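Engineer: give me coordinates for this.
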Amino acid sequence: MIPTRMIQNIDDIQINFTTDNLWLVNLTLALIMFGVALDIRVSDFTNLLKSPKPVIVGIISQFLLIPLVTYLFIRVTTPFPSIALGLVMVGACPGGNISNFMTKLAGGNAALSVSLTAFASIAALVMTPLNFALWGNAYEPTSEILKRVSVDPLEVVRLVLLILGIPLLLGMMLQYYRSQLATMISKILKPVSILIFLAFIAVAFFDNLDIFMNHIHYVLFLVILHNGLLLLVGFLFARANRLSYIDQKTLSIETGIQNSGLGLLLVFSFFSSLGGMALLVAFWAIWDIASGLLIAYFWSDKKKKQAT
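Structural biologist: Here you go, the predicted structure:
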């Protein structure tokens, strides 16, 4: 628990994030989503229709279980209201686009990961604004903030559609009509777009190094605990539903590595005056990359040892 009196001025924090930065995040997230969609084939959906359980479990975990667990986490830790709202935002976002790369590294089910990303991105058009409004208003301190800040749910839908929905549709159409071209573009675009995103996160971090150094202690343990909890919940929920170990790893990464880039974009588009919220989501964007790579490396190393 963090006493409110210690951080009464945290919302005065001004993270250096310009309009140009917003456009760069927009473009980068759209490119990553487009790159993911280039690998999605019609056969992926027909195969899932034959065995839909892993995707259904993943969607339930992502959009029902994770927001609920996030709400309970907030109730237990009682963080500063704007920081709590940042946690709600992260919990309402779909899985991260770079989770596909991490799933491959971990020796997970790459086809399931890509399919979950596609389904979650479509569902996010409705579920992200719905979960944010539902759980944000369920906790009184964050509800008070939402009463003061005007957020048009249709604007949130429009932004999610622009960043996730349209690139997903365009990528799938290119794969369907020009499969060879899509495969060729994917090999170049996917690593390049991820590297651009990682470079942006790194530059943004160093541009705001003083702010992080002076205020990171307010969100450090909250982010680490929350991220670890989501990874564990995804894994255990998959195990409880008797999915294979490979699918358990996949769902852990898919539901534990949130699209915090989207969350960051939504924060700076609608909640730019809430420094605590921005600080929480910004550090989440950094930490979940680090934690995702760590757990993926752990599982990949474990797989290599079992093979020898």
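Engineer: low pLDDT regions in the stretch 201-308 of the chain?
Structural biologist: By pLDDT under 70, the weakly predicted segments of the stretch 201-308 of the chain are 301-308.
Engineer: same thing but 90
Structural biologist: Applying pLDDT under 90 to the stretch 201-308 of the chain flags the ranges 201-218, 254-276, 278-279, 282-283, 285-286, 288-290, 292-294, 296-308.
Engineer: how about the helices in it?
Structural biologist: 209-215, 220-240, 245-256, 260-270, 275-307 (DSSP state H, counting those that start in this stretch).
Engineer: what would those look like in CSV with distance to Leu64 and mean neighbour count?
Structural biologist: Just so you know, the C-beta spots here come from the backbone N, C-alpha and C atoms, and that holds for glycine as well. Output for those, formatted as CSV (distance: least, CB to CB, whole Å; neighbours: other CB atoms under 10 Å):
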stretch, distance to Leu64, mean neighbour count
helix 209-215, 33, 14
helix 220-240, 10, 19
helix 245-256, 11, 26
helix 260-270, 18, 24
helix 275-307, 20, 19
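Engineer: out of those helices, nearest to Gly136?
Structural biologist: For Gly136, the closest of the helices of the stretch 201-308 of the chain is helix 275-307, at 10.7 Å, according to CB to CB.
Engineer: still on that earlier bit, want to throw the helices of the stretch 201-308 of the chain into TSV with distance to Ile83?
Structural biologist: Below are these laid out as TSV (distance: least, CB to CB, whole Å):
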stretch	distance to Ile83
helix 209-215	11
helix 220-240	7
helix 245-256	20
helix 260-270	12
helix 275-307	4
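Engineer: out of those helices, which is closest to Tyr71?
Structural biologist: Using CB to CB, the nearest of the helices of the stretch 201-308 of the chain to Tyr71 is helix 220-240, at 11.5 Å.
Engineer: if we can go back for a sec, looking at the helices of the stretch 201-308 of the chain, which is nearest to Asn109?
Structural biologist: Among the helices of the stretch 201-308 of the chain, the nearest to Asn109 by CB to CB is helix 245-256 (4.5 Å).
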